[in-house]
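Asker: predicted structure and sequence below. I'll ask about it afterward.
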Amino acid sequence: MAWTYYWAAGAHSAQPLYNQFEFGGCQVGCGAVAWAMLFGWGDRQAEGGNPYWAPRFGLYRQDGGRGANAVAPNAMSNGIRNVIRELRGQINTFCAFGNGATAPWNMDGSWRYLSGRTYTRQVCHWNSIGWHENGLRNRAVASIRDRRTPAIIGTGWLSHYPLAYGYAWRRRVVRRCFIFCWNDEVTDRWFYVNQGWGGSGNDWVEAGTWFCGEIYP
């Protein structure tokens, strides 16, 4: 059957094009960048008239601080660097061979960024040993499909946290043979992700994940 597609509000054009940078002799880490992109996306939706997100201004404030309300930029800025540095500390990112790594059970620390800025709610679920779970995938799918809101997923073990904002699936029949032959129905599932590399490398990845990070207005 044909592919079925779902996209978060704004699809490609709404995605913040943030990226990592060096901080303290190490890359700042994809976990902090992923949260910054998700919060930046939500802030721009609130300011842009998305009725689901309209009440939740304040996800980004002037210069990335805790002062006056401002609209999150769509590209890197000093304010976004401030946001990412703050998030890096809140989720306990550590340096591993020059890269910033974050354990999934520490990603939940990003709630501290929200406190005092907005009533937006953050929710995290994960598998502690990096096993891909259908339930985690389905949470990310529901966020994109039902709420038109991106979700952070985990690819590789302690390897990368991209922001999933598209989902595609289809069913197809595969002919299998061993002694005798039969038809087997399989389902293909893919996420379209913002890699957090300033727009580079954004593409489809297989829809398996050991982590799901969401926000709710």
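Answerer: Looks like it arrived, so ask away.

Asker: tell me where this protein has helices.
Answerer: When assigned using DSSP state H, the helices of the chain occupy the ranges 30-48, 78-90, 111-114, 134-147.

Asker: in TSV, list these along with distance to residue 163, mean neighbour count and mean pLDDT.
Answerer: Bear in mind the C-beta positions are built from the backbone N, C-alpha and C, glycine included. Output for the helices of the chain, formatted as TSV (distance: least, C-beta to C-beta, whole Å; neighbours: other C-beta atoms under 10 Å; pLDDT from 0 to 100):
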stretch	distance to residue 163	mean neighbour count	mean pLDDT
helix 30-48	5	26	97
helix 78-90	13	20	98
helix 111-114	16	18	98
helix 134-147	10	18	98
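
Asker: now render the ones you listed as TSV, adding distance to residue 215.
Answerer: Supplementary listing: the helices of the chain in TSV, determined by distance: least, C-beta to C-beta, whole Å:
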stretch	distance to residue 215
helix 30-48	6
helix 78-90	13
helix 111-114	8
helix 134-147	9
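
Asker: out of the ones you listed, which comes closest to residue 71?
Answerer: Shortest distance between residue 71 and these, using C-beta to C-beta, is found for helix 30-48: 4.8 Å.

Asker: for the closest one, packing partners?
Answerer: The contact analysis (3 or more C-beta pairs under 8 Å, 6 or more residues apart in numbering; DSSP states H and E) places helix 30-48 against helix 78-90, strand 99-101, helix 111-114, strand 151-153, strand 163-178, strand 211-216.

Asker: now distance to residue 35 too, for the ones you listed, in TSV please.
Answerer: Formatted as TSV, the entries for these read as follows, by distance: least, C-beta to C-beta, whole Å:
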stretch	distance to residue 35
helix 78-90	5
strand 99-101	12
helix 111-114	7
strand 151-153	7
strand 163-178	9
strand 211-216	7
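
Asker: who wins for proximity to residue 202 among the ones you listed?
Answerer: It is, among those and with distance given as C-beta to C-beta, strand 163-178, at 9.1 Å.

Asker: how distant is that closest one from the center of its chain?
Answerer: Mean C-alpha position of strand 163-178 versus that of the full chain (C-alpha atoms, centre = their mean, to the nearest Å) differs by 22 Å.

Asker: what residues of that strand count as buried?
Answerer: Buried positions in strand 163-178, judged by neighbour count with 16 or more other C-beta atoms under 10 Å: 163-169.

Asker: quick one: those residues as a markdown table, columns for pLDDT and distance to residue 79 too.
Answerer: As requested, these are exported to a markdown table (pLDDT from 0 to 100; distance: C-beta to C-beta, whole Å):
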| residue | pLDDT | distance to residue 79 |
| --- | --- | --- |
| 163 | 98 | 19 |
| 164 | 98 | 25 |
| 165 | 98 | 22 |
| 166 | 98 | 27 |
| 167 | 98 | 30 |
| 168 | 98 | 34 |
| 169 | 98 | 37 |
